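S.K.: okay, sequence plus prediction incoming.
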Amino acid sequence: MKTIYLAIVLAPLLAAVLAGLFGKAIGRTVAHTVTIAGVAVSFVLSLIVFKHIALDGGEIFNGSVYTWMVSDGIHFEVGFLIDKLTALMMVVVTFVSLMVHIYTVGYMRDDPGYQRFFSYISLFTFSMLMLVMANNFLQLFFGWEAVGLMSYLLIGFWYKRESAIYANLKAFLVNRVGDFGFLLGIAAILMYTNSLDYYEVFAKAPDLTNETMSVIPGKEWAVMSVICILLFIGAMGKSAQMPLHVWLPDSMEGPTPISALIHAATMVTAGIFMVARMSPLFELSETALTVVMVIGALTAFFMGLVGIVQNDIKRVVAYSTLSQLGYMTAALGASAYAASIFHLMTHAFFKALLFLAAGSVIIALHHEQDMRRMGGLRKYMPITYWTSLVGSLALIGFPFTSGFFSKDSIIEAIHLSHIPGSTLAYWLVLLGVFVTAFYTFRMFFLVFHTDERFRQHAHDDHGHGGDPKESPWVVTLPLVALAIPSVIAGYTIDPVVVGDYFKDAIHVAHGHEAIAHMTQHYHGIWAFVAHAFKAAPVYLALLGVLAAYIIYMQRPQVADWFVDKFGWLHRILDNKYGFDSFNETVFAGGGRALGSMLWRGGDAFFIDDVLINGTAKSVGWIAGKVRHIQTGYLYHYAFAMIIGLLLLLAQLVRKMLFG
């Protein structure tokens, strides 16, 4: 099996190298063929691993592949931990990546950077696989930084656009903030456990429960709380939790396929996976769990509200991603790790579907992204329409879709949790159901129903005219393939959430058994569905759909009335609560001001004027004075020599007389 594990990560890497270094030589067709084949190999082998580990009860693999360095008894290694959590993540990552690769053939066919793009997305897949398959913190950090690097390259793929360069730099800098905390957390783990191996660290962690450290002089902090919060700061950056969420909406500047890959299966899920993998550590700190849960719930609700006022179709889906990541994070804080990973899995399918469907619409309208310039596309794009409907229903948690099972599991688990902050989190995620349904079907109705507004802009700067057409099969095939698990993946709730699927991969401490309490009242899928109709989430979702239908299909003037009547609220949401303005003014502006001050006071004045120019001027001034001594007259030199001789004789006489 070790050979299979190596092949899973190396196949996309080798394909990326071929497409990237030899893209011009091998041509477009060969470039996309080798990269698609590389990811397909990884997907098929991941299915084999999943069958071996999850279905056949195969032995967990935890071993080193390569020892990079040994220093002071600490092993820095490349190694794999293949358990049920890893196997599930491998299948999700490779399947979604494969669909994105196939879709890219149609979406990027006219782009001059075609081979480069395929190389990048294959490297992205390799990076995420290295992250999820790691058995130690060194390799985890490598994968962590690698997905960050690839996101930087892909968000700024169209590097001639100033907006793309701004967006990828913003993503890079915001993630550096999170990664700084993440690196400090790993350093603290190494300092207190003298190991980077997961299992060794997990075994030693209980001994640290009574350890404290002085973060601020005179104030002692629990070591485990500090470590877990530092690790979570890294997750806040990667998985875009408030206030480190600001990079993710701007990542829409990249091509649509990478939006799907980043938001569905790779970068943004890395933080969720990491916290779930570190459950033996987080379970030792209720403080850290509370922080995780509250931040997740706040993100779920407030980022969903921002999605209501967005008009760019990709940005609506992006804010939806922020909100759904908040649900997953809140579940982690409630110790409902299984529910969080379950939602990660189902969300990967229907969110990739929605992004790719949005891309299909953008292709049909000649790269128009403003929903106010769409409408009436149902009859022109039937496949995109029906697959978008499936994705939208799954996103709002409509009964019998995958999102219904995963989202309701999270809400119920938070409701049953006794961790401090769970009451606030419950109400936020519950209200978020209405918000999610409203912005999702606002988008759906504006794009596929209502009047055909794209005709009013047929001769605008996009220059599109005529009737839109359904996308080619390389675009619609991935949509259909993703729509299937968007419906049926939720029916795995029995083993994944209420069963013991994660028994050996995730640890839940006594007193945190929210999932266990939920399991006591679980009597099968149909009973779960029946119970849902007695609870609020289903009706809140239906109310959100109804509100969107009335406002945008029947009474569009209501939306204009709301903007006029509650303009202040609309401005707050449209300004994204001022996070971007604050960062631009305080951090970016403050950084520039500090840099300017240091340059003027330090570099320009002290270094340039005082040290460099000042020294040169001093030497020139001294030389100007000293040069007058050199007159060229012999009697001047003779006089100076006589004076010097007299001084020397005077010194000798002084020593003879006075010792």
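M.R.: That came through, no problem.

S.K.: before we move on, what SS does Tyr501 have?
M.R.: coil (DSSP: H, G, I helix; E, B strand; the rest coil).

S.K.: quick one: contacts of the longest strand along the chain?
M.R.: Longest strand in the chain, counting residues (DSSP state E): strand 61-71. Here strand 61-71 makes contact (CB atoms under 8 Å, 6 or more residues apart in numbering) with 1-2, 5-6, 75-83, 135, 138, 198-199. Heads up, the C-betas are built off the backbone N, CA and C, glycines and all.

S.K.: restricting to C-alpha, output the following helix or strand past that strand in CSV.
M.R.: Sequence-wise, the next helix or strand downstream of strand 61-71 (DSSP states H and E) is strand 74-82. Taking Å, rounded to 0.1, in the frame of the first residue of the first chain, the C-alpha atoms of strand 74-82 are listed here in CSV:
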residue,chain,number,x,y,z
ILE,A,74,14.0,15.3,16.7
HIS,A,75,13.1,13.7,13.4
PHE,A,76,12.0,15.9,10.5
GLU,A,77,10.3,13.6,8.1
VAL,A,78,8.0,13.1,5.2
GLY,A,79,5.4,10.5,6.3
PHE,A,80,1.9,9.4,5.8
LEU,A,81,-1.0,8.8,8.2
ILE,A,82,-3.7,7.0,6.3
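
S.K.: about what we covered before: just the buried ones among the contacts of strand 61-71, please.
M.R.: Buried by 16 or more other CB atoms under 10 Å: 5, 75, 77-83, 135, 138, 198, out of the contacts of strand 61-71.

S.K.: farthest pair in the residues you listed?
M.R.: His75 and Asp83 (20.4 Å; CB to CB).

S.K.: hmm, back to that, could you pull up the mean pLDDT of the longest strand of the chain?
M.R.: The predicted model assigns strand 61-71 a mean pLDDT of 86.

S.K.: how far does it sit from the chain's center?
M.R.: Centroid displacement of strand 61-71 relative to its chain, using CA atoms, centre = their mean, to the nearest Å, is 27 Å.

S.K.: quick one: strands adjacent to it?
M.R.: strand 74-82 (antiparallel) (DSSP bridges).

S.K.: what's the burial count for Lys379?
M.R.: Residue neighbour count, defined by other CB atoms under 10 Å, stands at 11 for Lys379.

S.K.: so it lies in a helix, does it not?
M.R.: No: counting by three-state DSSP, Lys379 is not part of a helix but coil.

S.K.: which residues touch it?
M.R.: By CB under 8 Å, 6+ apart, Lys379 has no neighbours at all.

S.K.: and it, how far from Leu389?
M.R.: With distances taken as CB to CB, to the nearest Å, Lys379 is found 14 Å from Leu389.

S.K.: check Ser127 too.
M.R.: Distance of Ser127 to Leu389, computed by CB to CB: 33 Å.

S.K.: those two: which is more packed in?
M.R.: When Ser127 and Leu389 are compared for neighbours, Ser127 comes out ahead with 26 against 17, by other CB under 10 Å.

S.K.: now that one, nearest residue through space, not along the chain?
M.R.: Nearest residue to Ser127, sequence neighbours excluded (CB to CB, 6 or more residues apart in numbering): Ala146, at 3.5 Å.

S.K.: quick one, strands of the stretch 301-450 of the chain?
M.R.: Counting by DSSP state E, counting those that start in this stretch, the stretch 301-450 of the chain has no strands at all.

S.K.: now do the host helix or strand of Ile493: which elements does it pack against?
M.R.: Secondary structure from DSSP H and E places Ile493 in helix 493. Here helix 493 touches helix 402-416, going by 3 or more CB pairs under 8 Å, 6 or more residues apart in numbering; DSSP states H and E.

S.K.: avg pLDDT for the helix it packs on?
M.R.: 92.

S.K.: stretch 435-446 too?
M.R.: For stretch 435-446, the per-residue pLDDT averages 94.

S.K.: try stretch 248-265
M.R.: 81.

S.K.: and if you look at stretch 44-51?
M.R.: Mean predicted confidence for stretch 44-51 is 94.

S.K.: can you check stretch 213-225 too?
M.R.: Mean predicted lDDT for stretch 213-225 stands at 84.

S.K.: got the buried residues for that stretch?
M.R.: 222-225.

S.K.: any idea how far the residue lying closest to Leu542 once chain neighbours are set aside is from Ser320?
M.R.: Counting by CB to CB, 6+ apart, the nearest residue to Leu542 once its immediate chain neighbours are dropped is Ala437, at 7.4 Å. Between Ala437 and Ser320 the computed distance is 11 Å (CB to CB).

S.K.: show the end-to-end separation of stretch 196-215, please.
M.R.: For stretch 196-215, the first-to-last residue distance is 22 Å (CA to CA, to the nearest Å).

S.K.: hmm, who's touching it?
M.R.: 62, 74-77, 79, 81, 135-138, 186, 189-190, 192-193, 195, 220-224, 226, 277, 280-281, 284, 507.

S.K.: and for Val480, the neighbour number?
M.R.: When neighbours are counted by other CB under 10 Å, Val480 registers 15.

S.K.: SS state for Leu284?
M.R.: Going by three-state DSSP: Leu284 is coil.

S.K.: what's the spacing between it and Arg161?
M.R.: 46 Å.

S.K.: neighbour count: the two, which is higher?
M.R.: Each of Leu284 and Arg161 has its neighbours counted (other CB under 10 Å); Leu284 has more, 21 against 12.

S.K.: quick one, what contacts that one?
M.R.: Residues counted as contacts of Leu284 (CB under 8 Å, 6+ apart) are 205-206, 208-209, 224, 228, 509.

S.K.: now a ChimeraX select for only the buried ones of the residues you listed.
M.R.: In ChimeraX syntax, the buried subset of the contacts of Leu284 is picked out as below (16+ other CB under 10 Å):
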select :205,208,224,228
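
S.K.: pick the one among the contacts of Leu284 closest to Leu55.
M.R.: Ala509 (28.7 Å).

S.K.: ok, that closest one to Gln520 distance?
M.R.: 18 Å.

S.K.: Gly644 now?
M.R.: According to CB to CB, Gly644 and Gln520 sit 106 Å apart.

S.K.: repeat for Arg571
M.R.: For Arg571, the distance to Gln520 - CB to CB - is 47 Å.

S.K.: next one: Pro112
M.R.: For Pro112 relative to Gln520 (CB to CB), the value is 59 Å.

S.K.: same deal with Val475?
M.R.: Distance from Val475 to Gln520, by CB to CB: 46 Å.
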